[in-house]
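[1] 3D model of this:
(one chain, ligands or ions: 2)
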Amino acid sequence: MTTFNELGVSTQILKALNSMGFEESTPIQAQTIPLALEGNDVIGQAQTGTGKTAAFGIPTIDKIDAKLRKIQALAIAPTRELAIQVAEELNRLAKFKGIRALAIYGGQHMDRQIRALKDGPQIVVATPGRLLDHMRRRTINISNVQIAILDEADEMLNMGFIDDIREILKGMPEDRQTLLFSATMPKEIRDIATHLMKEPKEVKVKAKEMTVENIDQFFIEIPEKHKFETLNNHLDINSPDLAIVFSRTKKRVDEITEGLQARGYRAEGIHGDLTQGKRMSVLNKFKNGRVDVLVATDVAARGLDISGVTHVYNFDIPQDPESYVHRIGRTGRAGRTGEAISFITPREMAQLHLIEKVTKSKMKRLMPPTNKDAQRGKQQVTIDKLQKTINQQELKDYHEAANELLQENDSITVIAAALKMLTKERRDTPVQISSVAPISVKKAQGSGRSNNKRYYGGRNQGGRNQGGNRNQGGRNRKGKFQNSRNRNNSK
Ligand SMILES: Nc1ncnc2c1ncn2[C@@H]1O[C@H](COP(=O)(O)OP(=O)(O)OP(=O)(O)O)[C@@H](O)[C@H]1O
Ligand SMILES: [Mg+2]
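    Numbers count the residues shown, from 1 in each chain. Ligands and ions are numbered 1, 2, ... in the order given. As a prediction, this is how the structure comes out:
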């Protein structure tokens, strides 16, 4: 283990790291910070939740001139929520250096952002669409940027974003430093990346599997029509602290959310069709624990760091292995443990095997729990609570009442009644989830990768929709990919 001191980090940052409770560097930090400080272009790949944000954040902040009130570093992230989160982490790291990071993203008033940009932040973290709007309106000056960062680099260099990224990079000085980070980096994307960089140093933290080993991975083979009940049963048995349920389409996210609410769960949904205000409030409620189940499209799959997520459910199997890696990586972060449970319809078993092959990990088969298992699971939660209260031994005031009850009834009946009262029984409101076509895997020639054309033209406006619709000031991309297979315009 390497201390941050050994990595040549400034005292102001050491102070910030100390206040954040970071004692030692993670492997990706230890390997990339010195390289980036020396001025190299870097491609950094390491598993989800292993501290890639600080790996690019620390050297970036250390290279910035605090006195110069111009944008010196520009980070780009695929979703609004991630841009906000990265800016927050950079601000924590930069606290003692007098450097500020500003997030700019779609769905927020332009005027407000223009004012904030005039305030002189040294770092901007942006979603690509909104950044291009500012560039075209000349409300942002990126001509002094010395460091460009692509967080979730493979996603940013994917079909949906690549043209925007090229245009953004063209607006920066050519002698800038470029840092690319992600947990996944398919070869096709790595090749594109190296063309945009200068002799990049590639750092790949060696791991047997692409997924984090402290996430227990399971799958349940189950027909589409039984998924919702199975999810209910599972939530009852596991009683997760916080769970994220990923589904394939916005419509299904809405339906699952409403269904869970009707059954009495504290669930909320998040996807690209909601207003930014709603997206933020849902995420905040989830972070504060006022919502237990977040139902989401892939808009929440990448980068989000929410502590306390114990379970990730793939209500629908993801389109590609990379998406699987990022989705399940919302749990088991920073050394914590987590569980990932994927629902696979019988016709989608080939997709499961593809994911296992690409990620080099294995999912253990689980049998779908029965209603009886679920009932027992709920009761167990109550029993645990009851046992905890017994252990606290502060029951004297209740002894007399207990004695009276036991004179009239037998002990089993009294305890069963108490358990029944304390157990939150599930409402059995009927819920209908509209079905989706199963994902099919046709082997791409030789590569074994799914033929969903994710990398070469299959993705039309999917990336766009994450940030809401953005067309003002930009070329209308409709039509550009309209003949190609629509991979995912549904986030
Ligand atoms: N050296 C460290 N010591 C302790 N905690 C750390 C350290 N570095 C990062 N963390 C914490 O670990 C968590 C995960 O970090 P981060 O979000 O940067 O992961 P990531 O590698 O970018 O994951 P993803 O691939 O999902 O985006 C964060 O809460 C972060 O504050
Ligand atoms: Mg990250």
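[2] how much space between the residue of the chain found nearest ligand 2 and A183?
    The nearest approach of the chain to ligand 2 comes at G303, 4.1 Å away (Cβ to the ion). Heads up, the C-betas are built off the backbone N, CA and C, glycines and all. To A183, G303 is 9 Å away according to Cβ to Cβ, to the nearest Å.
[3] Give the residues shared as contacts by the two.
    Shared contacts of G303 and A183, defined by Cβ atoms under 8 Å, 6 or more residues apart in numbering, comprise H326.
[4] And the helices in the stretch 301-450 of the chain, which stretches?
    All helices of the stretch 301-450 of the chain, identified by DSSP state H, counting those that start in this stretch, fall at 321-328, 349-359, 371-392, 399-408, 411-422.
[5] Same list (those) but as TSV, adding mean pLDDT, distance to ligand 1 and mean neighbour count.
    Shown next, in TSV, are these (pLDDT from 0 to 100; distance: least, Cβ to the nearest ligand atom, whole Å; neighbours: other Cβ atoms under 10 Å):
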stretch	mean pLDDT	distance to ligand 1	mean neighbour count
helix 321-328	97	7	26
helix 349-359	96	14	19
helix 371-392	90	28	14
helix 399-408	94	46	10
helix 411-422	92	35	12
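[6] Now do the phi/psi pair for the closest residue to the residue of the chain closest to ligand 2 other than its chain neighbours.
    Of all residues not flanking G303 in the chain, L82 sits nearest, at 4.2 Å (Cβ to Cβ, 6 or more residues apart in numbering). The phi/psi pair for L82 (degrees, to the nearest 10) reads phi -70, psi -40.
[7] now the helices for the stretch 51-200 of the chain?
    52-63, 80-93, 110-118, 128-137, 153-156, 162-170, 187-195.
[8] Could you dump those into TSV with mean neighbour count added?
    Formatted as TSV, these follow (neighbours: other Cβ atoms under 10 Å):
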stretch	mean neighbour count
helix 52-63	26
helix 80-93	23
helix 110-118	14
helix 128-137	20
helix 153-156	27
helix 162-170	17
helix 187-195	15
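[9] What parts of this structure come near ligand 1?
    Within the chain, the positions lying close to ligand 1 (Cβ under 6 Å from any ligand atom) are 22, 25-26, 29, 48-54, 183, 303, 305, 329, 333-334.
[10] Filter these down to the buried ones and express that as a PyMOL selection.
    Selecting only the buried entries of the residues of the chain next to ligand 1 in PyMOL, with 16 or more other Cβ atoms under 10 Å as the criterion:
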select buried, resi 22+25+26+29+48+49+50+51+52+53+54+183+303+305+329+333
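[11] circling back: just list the residues touching the residue nearest to G303, thanks.
    D151, E152, R302, G303, L304.
[12] Out of those, which is nearest to I76?
    Using Cβ to Cβ, D151 is the member of the contacts of L82 that sits closest to I76, with 7.0 Å.
[13] Quickly note the distance from the closest residue in space to D316 that isn't next to it in sequence to ligand 1.
    In space, and not counting its chain neighbours, D316 is closest to R248: 4.1 Å by Cβ to Cβ, 6+ apart. In this structure, R248 and ligand 1 are 20 Å apart, going by Cβ to the nearest ligand atom, to the nearest Å.
[14] Begin at 40, not 1, for the rest of this chat.
    Taking 40 as the first residue, the last one we looked at is R287.
[15] so what's V348 up against?
    The contact partners of V348, by Cβ under 8 Å, 6+ apart, come to D280, L281, A282, I283, R369, T370, R372, G377.
[16] Could you report the distance from the residue nearest to D355 to R175?
    In terms of Cβ to Cβ, R287 sits 33 Å off from R175.
[17] For the closest residue to K91 other than its chain neighbours, which residues are in contact?
    The shortest distance from K91 to any non-neighbouring residue, by Cβ to Cβ, 6+ apart, is to F220 (4.5 Å). Shown in contact with F220 (Cβ under 8 Å, 6+ apart): I82, G83, Q84, K91, A94, F95, I188, L189, D190, E191, A192.
[18] nearest to R386, of the residues you listed?
    Comparing the contacts of F220 against R386 with Cβ to Cβ places E191 closest, at 30.2 Å.
[19] I'd guessed the closest one sits against R341; true?
    Yes - between E191 and R341 there is a contact under Cβ atoms under 8 Å: 4.9 Å.
[20] Spell out which residues are contacts of both of the two.
    With Cβ under 8 Å, 6+ apart, E191 and R341 have common neighbours P117, L121, H365.
[21] which residues does the last one contact?
    With contacts taken as Cβ under 8 Å, 6+ apart, H365 has the following neighbours: T87, E191, A222, T223, D337, A340, R341, G342.
[22] Now pLDDT too, for those, in CSV please.
    Formatted as CSV, the entries for those read as follows, by pLDDT from 0 to 100:
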residue, pLDDT
T87, 97
E191, 98
A222, 97
T223, 97
D337, 97
A340, 96
R341, 97
G342, 98
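[23] How about A155: what's its closest non-neighbour residue?
    Nearest residue to A155, sequence neighbours excluded (Cβ to Cβ, 6+ apart): L141, at 5.5 Å.
[24] tell me the contacts of that neighbour?
    Counted by Cβ under 8 Å, 6+ apart, L141 has contacts A126, A155, L156, D158, P160, I162, V163, V164.
[25] do the same with M174
    Contacts here follow Cβ under 8 Å, 6+ apart; on that basis M174 touches I181, E206, I207, G210.
[26] Among these, which pair sits farthest apart?
    I181 and E206 (11.3 Å).
[27] Same question for H273, what's its three-state structure.
    helix (DSSP: H, G, I helix; E, B strand; the rest coil).
[28] same question, the one 3 residues further on
    For I276, the assignment made with three-state DSSP gives helix.
[29] Wait, it touches D412, no?
    Yes - judged on Cβ under 8 Å, I276 makes contact with D412 at a distance of 6.1 Å.
[30] Got the phi and psi for E213?
    Phi and psi for E213, reported as degrees, to the nearest 10, are phi -70, psi -30.
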